[in-house]
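Q: sequence plus the predicted model coming up.
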Amino acid sequence: MINDHLNNALPNWVSRNLFRDEDLDRYAALSKDLLVTPTQHMLEFCCGGRALVDRYNRDKPLWKAFRQAVTQRHPILPTWQGDVRIKGYRIESIVELAVYRRIERICPQAVRVMVQPPVRESVVQARADFGLYVRGKPTLYVEVVGTVTRDGRSVSEDAEGLRNAIEERLLRYVGAAPVEVLHIDEVCDPATLTTRLGQAFARAQAL
């Protein structure tokens with residue numbers, strides 16, 4: 001049974017007609033590829049994901065019902081988590097979590113990953129999203145921009161309001177510390193993300 005935020009139950013025969021099996025399966029497949037259950041903004045950059053957003057993101061109750069239907073059909077999915085703590089530090093973004101889980105899969109033994117390490121070169125107290133450490137020393141920082149694409153486009157009006165803070169966060173690295181910046185559209189393409197992280201690992205070991 002599907003329930004909305006008012007606890008109204010949607011009969012199973014309605015949900016079977018409302019949600020296409022191929023859409024439920026597509027969302028589950030994308031979740032498996034991305035290693036997280038993607039948000040609506042993430043789906044915009046996934047193959048076949050935009051159609052899901054257009055169809056089921058018309059309001060919050062419908063999106064919630066769609067997500068519940070996915071879970072009923074595919075009970076084994078990456079956990080939908082809004083407050084993830086790794087080594088005592090909080091990852092607030094699903095996009096960041098996707099990067100961390102990909103790092104866990106492909107990180108070479110010579111590189112150690114720290115979550116939210118201090119940017120030691122920064123003149124102000126600041127933390128990066130991730131730090132790559134080689135021989136015990138930080139050699140490269142990774143910043144995940146979960147609201148802006150590579151071409152500088154914000155994913156929403158709300159995200160546009162975060163632009164100044166994002167720019168300030170990235171500018172602190174200029175001339176001070178090596179950094180790799182990963183944008184939401186890169187994170188949502190597993191092949192691109194794997195390539196970019198491979199480049200970051202190689203750079204970290206070369207510095």
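A: That came in fine, so what should we check first?
Q: helices along the protein, start to end?
A: Here the chain has its helices, by DSSP state H, at 12-18, 21-34, 40-43, 49-56, 60-73, 94-106, 157-160, 163-171, 184-187, 190-206.
Q: please identify the most buried of those helices.
A: The highest mean neighbour count among the helices of the chain, using mean count of other C-beta atoms under 10 Å, belongs to helix 184-187: a mean of 23. For every residue, glycine as well, the C-beta is placed using N, CA and C.
Q: dump the helices of the chain into a markdown table; add distance to residue 146 and mean pLDDT as well.
A: What follows is the helices of the chain, written out as a markdown table (distance: least, C-beta to C-beta, whole Å; pLDDT from 0 to 100):
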| stretch | distance to residue 146 | mean pLDDT |
| --- | --- | --- |
| helix 12-18 | 30 | 67 |
| helix 21-34 | 13 | 96 |
| helix 40-43 | 8 | 95 |
| helix 49-56 | 15 | 95 |
| helix 60-73 | 19 | 88 |
| helix 94-106 | 3 | 94 |
| helix 157-160 | 9 | 90 |
| helix 163-171 | 9 | 91 |
| helix 184-187 | 5 | 97 |
| helix 190-206 | 13 | 96 |
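Q: out of these, which gets nearest to residue 139?
A: Shortest distance between residue 139 and the helices of the chain, using C-beta to C-beta, is found for helix 190-206: 4.6 Å.
Q: which helices and strands does that closest one pack with?
A: Packing partners of helix 190-206 (3 or more C-beta pairs under 8 Å, 6 or more residues apart in numbering; DSSP states H and E): helix 94-106, strand 111-115, strand 130-134, strand 137-145, strand 179-183, helix 184-187.
Q: wait, residue 193 touches residue 100, no?
A: No - applying C-beta atoms under 8 Å, one finds residue 193 not in contact with residue 100, separated by 11.3 Å.
Q: correct me, but residue 116 touches residue 142?
A: No - contact criterion C-beta under 8 Å: residue 116 and residue 142 do not qualify, at 10.8 Å.
Q: so which of those two has more stuff around it?
A: More neighbours surround residue 142 than the other of residue 116 and residue 142, with 24 against 16 (other C-beta atoms under 10 Å).
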